[in-house]
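Colleague: Next input, structure requested:
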Amino acid sequence: MDVFVSTVKSQRFPLDGFDEVVSGIYIPCYCWFENNSLTEKSWTVFMSPEILRLSFYRTLQDFPILAGRFKTDKHSRGYVEIESSNLNMPVYTDTDWDVDFKQMRDAGFATKLLPKSFEGVCGIVAASKLAIVSAKLGIFHIRRLKNFSGVVIFASIAHAIVDAYGYFAFMSRWAELSKWTQQNVGNTTPPVPTRAFVFDRSIHASYKINNTDALDNLTLESMANGSISTRFFAWLPIDKRNLLLKYMVSSKKSICCVFHVSAQTIEALRNDTQTYAPKGMHYSINDVATALLAMVVGQANQKSRDVKLSRQSIATASQSIAEDGGGNREEDTLVAVTVNSRSRVNCTNAKDFVGNLSSPRCIFCSSKLILAEIIAENLSAVAASIRNAIAATDNDYVGQINYLINSVSDSHMRLVASYHKYKNRVTVSNVSKYNCYGLDFGTGAPSVVRPVLSVALNSIFVMPGHPDVGGYDFVVFAEERVSELIVQNRYWMNLVDSFNLEV
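Modeller: Predicted coordinates:
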């Protein structure tokens with residue numbers, strides 16, 4: 001740590017609209033590592049505390065932004081400031097936990113069994129201006145399980161700093177340095193990163209736009225049409241704005257359900273669905289998986305609402321924002337996805353940028369289609385909408401989104417508000433292409449990698465399955481009743497190899 005503190009420079013990173021959309025939210029995951037050795041019953045050999053700590057602070061030299069503070073200017077736009085004489089160091093703890101690895105495995109690694117110290121860093125920081133300014137941009141807890149049976153690493157990073165790509169870039173660098181340090185004891189010169197880590201948000205100013213009509217009408221409607229409520233929302237200081245967001249997304253408690261589906265099953269489903277694809281259109285695994293999840297979760301959500309109308313109480317102001325400009329659109333289901341745009345944009349250093357460069361895409365499907373029988377023909381119709389939207393997320397689309405979101409002061413908040421006006425919505429985040437199980441800290445791949453909590457209902461994370469079994473893990477956060485209805489969907493459950501429902 002001393003080397004980092006003595007070398008870090010004072011600097012400021014202005015945040016942009018992409019960051020403001022997720023301001024205050026954290027990306028939290030945990031990684032479980034089992035000690036399979038019958039002889040290595042010592043922490044000096046398995047996940048050494050000294051090596052993990054040393055490699056962590058070496059990683060901070062590549063990610064100095066994590067030692068900064070959130071601040072806002074007079075226009076309530078955020079920035080991160082690093083003050084070399086007054087660093088806001090990430091939380092880092094390494095302690096024992098009186099739980100055995102087998103106990104957690106038998107319980108399906110249920111998030112509800114995690115230590116209480118893990119709570120409060122998975123949602124939205126909203127208590128006060130002081131809470132925003134003093135908020136840690138990274139929280140890292142290491143818990144050592146009893147009988148040297150394993151280790152769990154909990155890592156939570158502010159979403160305004162990184163997207164999923166940046167999150168796993170940090171974790172991969174930490175793992176790389178930890179493994180290297182273990183193999184090169186006494187060597188104080190760590191390996192140079194295989195690529196640069198770029199944090200400067202000015203990268204968004206370098207898009208070269210050819211088509212100025214790349215945005216579809218619904219996206220323009222969401223972002224370009226102003227309203228009194230959304231202007232008020234954007235005008236609010238970030239702490240009050242986040243408090244309002246908390247009412248929007250936290251009024252109902254979500255539980256976690258994890259489903260495992262084999263690669264062969266998903267590929268067979270993709271082939272069946274491809275039969276009904278429009279001429280010239282090719283579906284990816286992600287297209288079909290997203291369409292399937294949209295239908296399964298959308299149907300469960302609708303059935304839950306039909307059985308018992310929601311009586312949730314929402315603050316008057318947040319309800320006004322959510323319903324302003326068109327109200328709740330009962331006829332549509334909003335399928336929200338994020339598209340990693342690094343390979344899609346024509347700008348400098350995109351592949352090295354670890355800030356937010358995952359473009360939001362909203363696909364509007366008729367509820368009639370979402371509620372239809374799940375067969376290949378209907379699944380293809382949903383997948384076609386998803387494929388068209390993702391294919392259209394090109395350089396010009398991302399560039400125009402960037403222009404709107406940064407030039408119109410409240411457009412980023414309009415985007416958030418428009419999302420919450422849909423009662424029927426499903427959010428799918430696909431991280432299956434990230435090297436989650438490549439996080440080898442020197443003792444092999446983790447046994448399980450999971451997101452901890454989601455701040456929004458009906459959120460699905462598509463994760464890679466463990467290398468030993470392959471396939472995909474679908475981690476679903478939904479209300480308990482919705483989760484129960486998902487499990488009752490016969491079509492879906494016939495595809496699932498195994499599942500774990502936390503209640």
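Colleague: Show the contacting residues for the residue lying closest to residue 148 once chain neighbours are set aside.
Modeller: Of all residues not flanking residue 148 in the chain, residue 41 sits nearest, at 4.7 Å (C-beta to C-beta, 6 or more residues apart in numbering). The way it works is simple: take the backbone N, C-alpha and C, and place the C-beta from them, glycine included. With contacts defined as C-beta atoms under 8 Å, 6 or more residues apart in numbering, the neighbours of residue 41 are 35, 147, 148.
Colleague: Let's see that with 10 Å instead.
Modeller: Contact analysis of residue 41 by C-beta atoms under 10 Å, 6 or more residues apart in numbering lists 35, 147, 148, 149.
Colleague: which of those has the most neighbours?
Modeller: If you count neighbours using other C-beta atoms under 10 Å, the busiest of the contacts of residue 41 is residue 35, which has 22 neighbours.
Colleague: strands paired with the helix or strand containing residue 32, and their directions?
Modeller: Secondary structure assignment for residue 32, by DSSP states H and E: strand 26-34. Its sheet considered, strand 26-34 pairs with strand 150-158 (antiparallel), strand 448-451 (antiparallel) by DSSP bridges.
Colleague: Look up how far residue 95 lies from the residue nearest to residue 148.
Modeller: According to C-beta to C-beta, to the nearest Å, residue 41 stands 18 Å off from residue 95.
Colleague: What are the neighbouring residues in contact with the closest residue to residue 84 other than its chain neighbours?
Modeller: In space, and not counting its chain neighbours, residue 84 is closest to residue 10: 4.5 Å by C-beta to C-beta, 6+ apart. Contact partners of residue 10, counting by C-beta under 10 Å, 6+ apart, are 68, 81, 82, 83, 84, 85, 86, 87.
Colleague: Now tabulate those in a markdown table and tack on pLDDT, secondary structure and neighbour count.
Modeller: Supplementary listing: those in a markdown table, determined by pLDDT from 0 to 100; DSSP: H, G, I helix; E, B strand; the rest coil; neighbours: other C-beta atoms under 10 Å:
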| residue | pLDDT | secondary structure | neighbour count |
| --- | --- | --- | --- |
| 68 | 94 | coil | 23 |
| 81 | 93 | strand | 17 |
| 82 | 94 | strand | 19 |
| 83 | 94 | coil | 14 |
| 84 | 92 | coil | 14 |
| 85 | 92 | coil | 6 |
| 86 | 92 | coil | 10 |
| 87 | 94 | coil | 19 |
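Colleague: so which pair among those residues is furthest apart in space?
Modeller: Using C-beta to C-beta, the two most remote members of the contacts of residue 10 are 68 and 85, lying 13.0 Å apart.
Colleague: circling back: list the backbone torsions phi and psi for the residue nearest to residue 84.
Modeller: Backbone torsions for residue 10, taken as degrees, to the nearest 10, come to phi -70, psi 130.
Colleague: which SS class is residue 13?
Modeller: Here residue 13 is recorded as strand under DSSP: H, G, I helix; E, B strand; the rest coil.
Colleague: For it, give me its contacts.
Modeller: Applying C-beta under 10 Å, 6+ apart, we find residue 13 in contact with 19, 64-65, 68, 78-82, 160-161, 199-202, 355.
Colleague: These, buried ones only, as a ChimeraX selection?
Modeller: Selection of the buried residues among the contacts of residue 13 in ChimeraX, burial being defined by 16 or more other C-beta atoms under 10 Å:
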select :19,64,65,68,78,79,80,81,82,160,161,199,201,355
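Colleague: Out of the contacts of residue 13, which sit inside strands?
Modeller: For the contacts of residue 13, the ones inside strands are 78, 79, 80, 81, 82, with DSSP state E as the criterion.
Colleague: Okay, and the beta partners of the fourth one?
Modeller: For residue 81, the beta-bridge assignment (DSSP bridges) gives partners residue 12, residue 69.
Colleague: right, and it touches residue 9 too?
Modeller: No. In this structure residue 81 lies outside contact range of residue 9 using C-beta atoms under 10 Å: 11.9 Å.
Colleague: Tell me the pLDDT of the nearest residue to residue 85 once chain neighbours are set aside.
Modeller: Leaving aside its sequence neighbours, residue 85 sits nearest to residue 10 (C-beta to C-beta, 6+ apart; 7.7 Å). The score at residue 10 is 94. That number is its pLDDT.
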